[in-house]
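Q: Could you look at this predicted model? Sequence included:
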Number of protein chains: 2
Amino acid sequence: MRFNASKTDLLTGINIAIRAVPSHTTMDILECILVQAESNELIFTATDMEMGIETHVRARIEERGIIAVDAKMLYEIIRKLPEEIVFFESDENYNVRISSGKANFLIGGRSGDEFSGLPSVDLEDCVTLSQYTLKSVIQETIFSISTNENSKVMTGELFEIRGSIFRVIALDGHRIAIRRVALKDSYSDKKVIVPGKCLQDLCKILPGEVDEIVSMYFSRNHIVFEIPGTRIVSRLIDGEYYNVDQMISSDYETKVTINKNVLFECIDRANLFVKEGDKKPIIFEIDDDEMSLSIDSPLGSMNEVLDIQKEGKNIVIGFNPRFMMDVLKAIGDEEIVIYLVNPKAPCFIKNDELTYTYLVLPVNFVR
Amino acid sequence: MRFNASKTDLLTGINIAIRAVPSHTTMDILECILVQAESNELIFTATDMEMGIETHVRARIEERGIIAVDAKMLYEIIRKLPEEIVFFESDENYNVRISSGKANFLIGGRSGDEFSGLPSVDLEDCVTLSQYTLKSVIQETIFSISTNENSKVMTGELFEIRGSIFRVIALDGHRIAIRRVALKDSYSDKKVIVPGKCLQDLCKILPGEVDEIVSMYFSRNHIVFEIPGTRIVSRLIDGEYYNVDQMISSDYETKVTINKNVLFECIDRANLFVKEGDKKPIIFEIDDDEMSLSIDSPLGSMNEVLDIQKEGKNIVIGFNPRFMMDVLKAIGDEEIVIYLVNPKAPCFIKNDELTYTYLVLPVNFVR
């Protein structure tokens, strides 16, 4: 196998494929990127057996072939090459020579046969939307997934399509995040649980342009994301997702309108007194046109009074400051509305159009 | 005690003093900054018992006093305050109230009496030089100190003054770094070993302006660095420093002139095949107007040919790539000159004016 390509193109391709290379694995071959020289382009493939990525790279192919090369080593060598044109060559003993300018590297590759390719997935059931939209709805919900592998379905996000409505839902037992968008077209109903890790990697790969499209293909066990030149295939998480609509209510006793940044910065200050792993709540005391936030911990105490607009009853309720801050970070609006029922019931932060709905459970506290 | 001050001024002062706060200590009180409200300014003091820092901050003092406050907590609170004017107040029970805008913090302080102040050092024997010069000579040598506490003198730098010549020397048994500068005035001879940690902190505190002065005071057991508003006092390291001049020779068999960046980048590429802790040398093969660099490791091999100007014999010699890169990073010149004797003798990288001299020991290698 023999080709030459531009350093920039190679790096771009490696940077995409390498996201599927597992950081820890007992199977050495998974630490490799499969380099395939086809008639007029290269294909880089990597997989961690849950998720696989395949990306195409422009190259001038002189001899077709296929070889597996350690991903990190390949990345580092290409990155540090002195010139833009890169010559790549491998022989029948899987010796790889990479040259650029006067620099020559010799490393050992592995047979491409050892490498299990991506699963072949039926690319029929296709939903398209803007890259920007997909990237946004993931980023604005993914903080609510659980990292606890014991409740597997919580480590993923529900992707739900009903007609032209696409909802992305994440929950971890303490909070729920829902984003809803209208698609251009209408589709048959779909409901799958996509692994959180795949979505995090997808966000890093998606350029996220408003007018660029991403295609999502749904099959029984897999989801495929496709953007020009790159395909990401992930297994789905098996199991029944929670019936989130049952948990959501539109009844409330108190409705608070507040400036989002003012609230965020105030909670951030209070959070100084909460040590990692500590369950210390921040107390919201809503009293007519003022909301007093306070926290009292062995490290010290803090209080601050914020201006609000209020409808309904006064209330005193406690929250995990981290959870509140996560939600506020995910909202772009300058003003937000918080709906409360009582100190034991979840609070909702949502807009009138319901493009976002966040639920946060309160924390018990003693005064 | 009661004062108000600007958030910016307070943060600047805390950022300086906090450098002396030890990251690990069994003495709680050392985790504090001593806050002293004098008649018309604040003084922040911190120490780790080896080094102490005292810095002055503008403030409007309403009631004088002194209190010790946890440094990290104080820093975080001030940093996150909503407005620029900060009100600070403490009572006889060492309760501290910090307010800004509508935010109020309450934390526990400690009696200032528990805090051991800075040692009083005779401020007579003073040497002055530009902040820029001092910061440079430290940064261009400090990478050569040892981190091994068993050879204490190697963990510091030799500060040597002879007449108007100031030399800073660092060595760790494998390499030596020397910077030499001419001072404006002439001074009595001095030779002290300053702890590396103090010099690293000093570099972070020194603004490093060319036309701003730093004063160094030398006493029997201490060195004091003084810039406007701030004083840093450090113990000296006891012991006899190595006679570096004995180790330096101006004899050579081979003299190589080469572009510094080209050499650096080439070694950086070769370094890909050296894993942390590995002793793999990079081989320099000097053959007339070319120098071939090569490395051969279980991870792979690399070679590259660089253009050089050479005087004297051809030679093949091996070096630790890390040590060579450290030296090249410390040199600003575009072209450098390397002096070599034989494959077992140290190489020297120095300029004609001898403002810098770097010695690197070669590494044995088998071909």
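A: Structure's in. What do you need?
Q: going forward, measure contacts between C-alpha atoms and count neighbours the same way
A: OK.
Q: check contacts around the residue most central in space within chain A.
A: Averaging the C-alpha coordinates of chain A gives a centre point, and the residue nearest to it by Cα atoms, centre = their mean is A:Gln200 (2.8 Å). For A:Gln200, the contact set (Cα atoms under 8 Å, 6 or more residues apart in numbering or on different chains) comprises A:Ile142.
Q: what stretches of chain A score poorly on pLDDT?
A: Of all residues in chain A, those with pLDDT under 70 make up the ranges A:367.
Q: Show me the helices in it, by range?
A: When secondary structure is read from DSSP state H, chain A shows helices at A:7-17, A:71-80, A:131-139, A:196-205, A:244-247, A:260-270, A:321-330.
Q: Can you say which of the ones you listed is nearest to A:Met291?
A: Minimum separation from A:Met291 across the helices of chain A (Cα to Cα) falls at helix A:260-270, 9.8 Å.
Q: Packing partners of that closest one?
A: Contacts defined by 3 or more Cα pairs under 8 Å, 6 or more residues apart in numbering or on different chains; DSSP states H and E place helix A:260-270 against strand A:290-297, strand A:300-307, helix A:321-330, helix B:71-80.
Q: who's in contact with that helix?
A: By Cα under 8 Å, 6+ apart, the residues outside helix A:260-270 that reach it are A:282, A:293-295, A:302-304, A:306, A:321, A:324-325, A:328-329, A:333-336, B:77, B:80-82, B:103.
Q: again, but for stretch A:45-55
A: Stretch A:45-55 has contacts (Cα under 8 Å, 6+ apart) with A:13, A:16-22, A:30, A:32-35, A:43-44, A:117-118, A:198, A:229-235.
Q: still on that earlier bit, include distance to A:Ser90 and mean neighbour count when you put the helices and strands packed on helix A:260-270 into JSON lines, please.
A: Listed next are the helices and strands packed on helix A:260-270 as JSON lines, based on distance: least, Cα to Cα, whole Å; neighbours: other Cα atoms under 10 Å in any protein chain shown:
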{"stretch": "strand A:290-297", "distance to A:Ser90": "63", "mean neighbour count": "20"}
{"stretch": "strand A:300-307", "distance to A:Ser90": "64", "mean neighbour count": "19"}
{"stretch": "helix A:321-330", "distance to A:Ser90": "48", "mean neighbour count": "18"}
{"stretch": "helix B:71-80", "distance to A:Ser90": "55", "mean neighbour count": "17"}
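Q: TSV please, covering those and showing distance to B:Val96.
A: Putting those into TSV (distance: least, Cα to Cα, whole Å) gives the following:
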stretch	distance to B:Val96
strand A:290-297	14
strand A:300-307	9
helix A:321-330	23
helix B:71-80	10
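Q: so which of those comes closest to A:Phe225?
A: With Cα to Cα as the measure, helix A:321-330 is the member of the helices and strands packed on helix A:260-270 nearest A:Phe225 (23.2 Å).
Q: Flag every residue of chain A that's near chain B.
A: Taking Cα under 8 Å from any Cα of the partner chain as the test, the list of chain A residues beside chain B reads A:73, A:76-77, A:80-82, A:102-108, A:265-266, A:268-269, A:272, A:299-306.
Q: Apart from its chain neighbours, what residue comes closest to A:Ala68?
A: The shortest distance from A:Ala68 to any residue that is not its chain neighbour, by Cα to Cα, 6 or more residues apart in numbering or on different chains, is 4.3 Å, and that residue is A:Leu34.
Q: Make sure the one you found is actually in contact with A:Phe115.
A: Yes: assessed by Cα atoms under 8 Å, A:Leu34 is found in contact with A:Phe115 at 7.2 Å.
Q: overlap in contacts of those two?
A: In terms of Cα under 8 Å, 6+ apart, A:Leu34 and A:Phe115 are both contacted by the residues A:Ala68.
Q: what's the burial count for A:Arg167?
A: Applying other Cα atoms under 10 Å in any protein chain shown, we find 20 other residues in the vicinity of A:Arg167.
Q: And it, how far from chain B?
A: 36 Å (Cα to the nearest Cα, to the nearest Å).
Q: Check A:Ala46 too.
A: From A:Ala46 to chain B the distance is 21 Å (Cα to the nearest Cα).
Q: Same check on A:Ser130?
A: From A:Ser130 to chain B the distance is 37 Å (Cα to the nearest Cα).
Q: and the nearest residue to that residue once chain neighbours are set aside, what does it touch?
A: Computed as Cα to Cα, 6+ apart, the closest residue to A:Ser130 that is not its neighbour in sequence is A:Ile213, at 4.5 Å. When contacts are counted by Cα under 8 Å, 6+ apart, A:Ile213 is found next to A:128-131, A:227.
Q: can I assume A:Leu30 is in contact with A:Pro22?
A: Yes: distance between A:Leu30 and A:Pro22: 7.0 Å, which falls inside the contact criterion (Cα under 8 Å).
Q: Could you list everything the residue nearest to A:Tyr358 when sequence neighbours are not counted pairs with in the sheet?
A: What sits nearest to A:Tyr358 in space, not counting adjacent residues and going by Cα to Cα, 6+ apart, is A:Ala177, at 4.7 Å. Beta-bridge pairing for A:Ala177 (DSSP bridges): A:Ala170, A:Tyr358.
Q: tell me the contacts of A:Ala177?
A: If you count contacts by Cα under 8 Å, 6+ apart, then A:Ala177 has A:140-142, A:144, A:169-171, A:356-359 around it.
Q: ok, and the closest non-adjacent residue to A:Glu240?
A: With Cα to Cα, 6+ apart as the measure, A:Val153 is the residue that lies nearest to A:Glu240, at 7.5 Å, once sequence neighbours are left out.
Q: ignore the last one, A:Leu306
A: The shortest distance from A:Leu306 to any residue that is not its chain neighbour, by Cα to Cα, 6+ apart, is 5.2 Å, and that residue is A:Met291.
Q: ok now do that neighbour, which residues does it touch?
A: With contact taken as Cα under 8 Å, 6+ apart, A:Met291 is in contact with A:284-285, A:305-308.
Q: before we move on, the earlier item: surely the residue nearest to A:Glu240 and A:Gly239 touch.
A: Yes: the pair A:Val153 / A:Gly239 is scored as a contact, 6.6 Å apart, by Cα under 8 Å.
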